[in-house]
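A.B. asks: Compute the structure for the input listed below.
(chains A and B)
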Number of protein chains: 2
Amino acid sequence: MNFRLLIQYDGTDFAGWQVQSRGERTVQGELESALALVDGGAVTVHGAGRTDAGVHAEGQVASVALRREWETLKLRAAINGNTGRDLRVIEATRAPEDFHARFSAKGKTYRYRIFNEQFVSPFQVRYAHHESRALDVERMRDCARLFVGEHDWTAFSSAQAETENRVRRVTRLEVSDRFDEAGRGRVIEITASAEGFLRYMVRSIAGTLLAAGRGELGEEEIARAISTGDRDAVGPTAPARGLTLVEVRYNNSNE
Amino acid sequence: MNFRLLIQYDGTDFAGWQVQSRGERTVQGELESALALVDGGAVTVHGAGRTDAGVHAEGQVASVALRREWETLKLRAAINGNTGRDLRVIEATRAPEDFHARFSAKGKTYRYRIFNEQFVSPFQVRYAHHESRALDVERMRDCARLFVGEHDWTAFSSAQAETENRVRRVTRLEVSDRFDEAGRGRVIEITASAEGFLRYMVRSIAGTLLAAGRGELGEEEIARAISTGDRDAVGPTAPARGLTLVEVRYNNSNE
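C.D. replies: Okay, the predicted model is just below:
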């Protein structure tokens, strides 16, 4: 029986989504251990986004085929009773037999959060990258527009796996800023949607927009990096802690 | 030279504000250790609110007399370089010699946060009390009005220290609710302001409003508890993790 799980995690204390050979704590590993306990045998959990170490999720989706005919509220409680409090199944639902969290996904949205003050708040330190230099948000917005559309993202992805098709369509790239009450400071958020992302792509775009906000890169250099694939004109990959997988989209029939 | 510190902390991993004889980790203790290192000798840090174990602060204020003539940005950096990331000085300023964070305070605001869903989000689990039964917010609001004004809070405070004057003026008690995007659920917040609070008073009021929201207590019982001081008609003290010290108010001359 196939199930779909809506999952949240604070990525701070996880070595990413994917099970590691080194036995580190991972989200997939912890879910599979919990399910093995309650479903009576080994299972494989498929995640929509294989988030890297330190990356958070507000709306990760996973699929898993189970032995038992679980009532969904009981399944959620059974999993949550056997994982750390920094990993929670928010919702469990029955899914069509052909539903696969990764292969059925039509799009994803990530958010990169920057806390832009000279100090950092304990309420932001786990979930935002800290930038102490005042960022020019208008300039970041102007540059963000360049990333929307179908492009080859060679300059904005991991240098490994050179043969892969690196063309992806980015449907949304927005920069917003607001005053965070609890943190007593300015939070800048970069929201990116695409049918799919390459590894490190959002963090690489975020690092480039950070450099733009500091005045180190302009629209011309960024447009050139997008068109030529030249990594030298791209900002450094921004740290993992600022990144959150916000949403995974599926066709309505799967929702 | 007297300084005023604006402080935030995630109270989860602290045994409260006040230095303990048992050597547990406390906010005051960690600040005093950091300052002893950088100021060259033992100091005493006075906090406006001596928050209990597990209680958070977005706007705690402390005062401390130091040996060195610190430049305030350097003082902030020196303290933050010697404490855990869950404790941050947001702002350090010079203060008049007679400024004392506790005795000079004119009022405080606390917030009690409730995550009201069947599940709990990892992004709420540290900062909110989890209540899975659907709460009647209108009923909580009606009952909240009873707490505003000058009353003897015997029924809503620790049973110890019987001789203390338990009269305090509550100037604000509001119940709000909103949908939390990150947590994907309903957050109910109780905001309480007073010139001063007794120990456990906000958590006792929160526990009583929780009982009201579940339909276990009504306006009549609560009004009677306030007027008679009878602890039996009061809900159980709500857990520490939901409570945050939001703001301490001083006369303008101290601000």
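A.B. asks: from the stretch 101-250 of chain A, which residue is nearest to chain B?
C.D. replies: Closest to chain B within the stretch 101-250 of chain A is residue A:122: 4.5 Å, counting by CB to the nearest CB. No exception for glycine: its C-beta is placed from N, CA and C like everyone else's.
A.B. asks: Let me see the contact set for that residue.
C.D. replies: Residue A:122 is in contact with B:8, B:9, B:10, B:85, B:86, B:87, B:88, counting by CB atoms under 8 Å, 6 or more residues apart in numbering or on different chains.
A.B. asks: number of nearby residues for residue A:223?
C.D. replies: Counted by other CB atoms under 10 Å in any protein chain shown, the residues lying close to residue A:223 total 14.
A.B. asks: That one contacts residue A:149, correct?
C.D. replies: No - using CB atoms under 8 Å as the test, residue A:223 is too far from residue A:149 to be in contact (11.5 Å).
A.B. asks: Now, of the contacts of residue A:122, which are buried?
C.D. replies: Among the contacts of residue A:122, those buried by neighbour count (16 or more other CB atoms under 10 Å in any protein chain shown) are B:8, B:9, B:10, B:86, B:87, B:88.
A.B. asks: Restricting to these, which residues neighbour chain A?
C.D. replies: Residues of these in contact with chain A (CB under 8 Å from any CB of the partner chain): B:8, B:9, B:10, B:86, B:87, B:88.
A.B. asks: Skipping its backbone neighbours, what lies nearest the second one in space?
C.D. replies: With CB to CB, 6 or more residues apart in numbering or on different chains as the criterion, residue B:9 has its nearest non-adjacent residue at 4.5 Å, and that residue is residue B:87.
A.B. asks: and the one you found, backbone torsions?
C.D. replies: Main-chain dihedrals, residue B:87, degrees, to the nearest 10: phi -140, psi 120.
A.B. asks: what's it in contact with, if anything?
C.D. replies: By CB under 8 Å, 6+ apart, the contact list for residue B:87 reads A:122, B:7, B:8, B:9, B:10, B:14, B:27, B:30, B:31.
A.B. asks: Assign a three-state SS to the third one, would you?
C.D. replies: What that stands for is residue B:8. Of the three states, residue B:8 takes strand according to DSSP: H, G, I helix; E, B strand; the rest coil.
A.B. asks: On the strand side of things, show who it bridges to.
C.D. replies: In this entry, residue B:8 is beta-bridged to residue B:88, by DSSP bridges.
A.B. asks: thinking it is in contact with residue A:121, fair?
C.D. replies: Yes - using CB under 8 Å, residue B:8 is in contact with residue A:121, at 5.3 Å.
A.B. asks: Which neighbours do those two have in common?
C.D. replies: Taking CB under 8 Å, 6+ apart as the criterion, residue B:8 and residue A:121 both touch A:183, A:184, B:88, B:90.
A.B. asks: List just the nearest of those residues to residue A:208.
C.D. replies: residue A:183 (24.6 Å; CB to CB).
A.B. asks: Enumerate the residues of the stretch 151-255 of chain A near chain B.
C.D. replies: Proximity of the stretch 151-255 of chain A to chain B (CB under 8 Å from any CB) is limited to residues A:181, A:182, A:183, A:184, A:244.
A.B. asks: and the two most separated of those?
C.D. replies: Taking CB to CB, no two of these sit farther apart than A:184 and A:244, at 20.9 Å.
A.B. asks: Comparing the two, which residue is more hemmed in?
C.D. replies: Applying other CB under 10 Å to residue A:184 and residue A:244 shows that residue A:244 carries more neighbours, namely 28 against 18.
A.B. asks: secondary structure class for that one?
C.D. replies: Secondary structure for residue A:244, judged by three-state DSSP, is strand.
A.B. asks: can you pull out the helices in the stretch 101-250 of chain A?
C.D. replies: Assigned by DSSP state H, counting those that start in this stretch, the helices in the stretch 101-250 of chain A fall at A:137-144, A:201-213, A:219-228.
A.B. asks: buried sites along the last one?
C.D. replies: This means helix A:219-228. Buried-residue list, helix A:219-228, by 16+ other CB under 10 Å: A:221, A:222, A:225, A:226.
A.B. asks: Dump the contacts of residue A:122 to JSON lines, plus pLDDT and distance to residue B:42.
C.D. replies: Formatted as JSON lines, those follow (pLDDT from 0 to 100; distance: CB to CB, whole Å):
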{"residue": "B:8", "pLDDT": "98", "distance to residue B:42": "24"}
{"residue": "B:9", "pLDDT": "98", "distance to residue B:42": "22"}
{"residue": "B:10", "pLDDT": "97", "distance to residue B:42": "26"}
{"residue": "B:85", "pLDDT": "94", "distance to residue B:42": "24"}
{"residue": "B:86", "pLDDT": "96", "distance to residue B:42": "24"}
{"residue": "B:87", "pLDDT": "98", "distance to residue B:42": "19"}
{"residue": "B:88", "pLDDT": "97", "distance to residue B:42": "22"}
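A.B. asks: Please identify which pair of those residues lies farthest apart.
C.D. replies: Taking CB to CB, no two of those sit farther apart than B:8 and B:85, at 11.0 Å.
A.B. asks: Count the neighbours of residue A:149 for me.
C.D. replies: Burial of residue A:149 is recorded as 12 neighbouring residues (other CB under 10 Å).
A.B. asks: which non-adjacent residue is nearest it?
C.D. replies: With CB to CB, 6+ apart as the criterion, residue A:149 has its nearest non-adjacent residue at 6.5 Å, and that residue is residue A:170.
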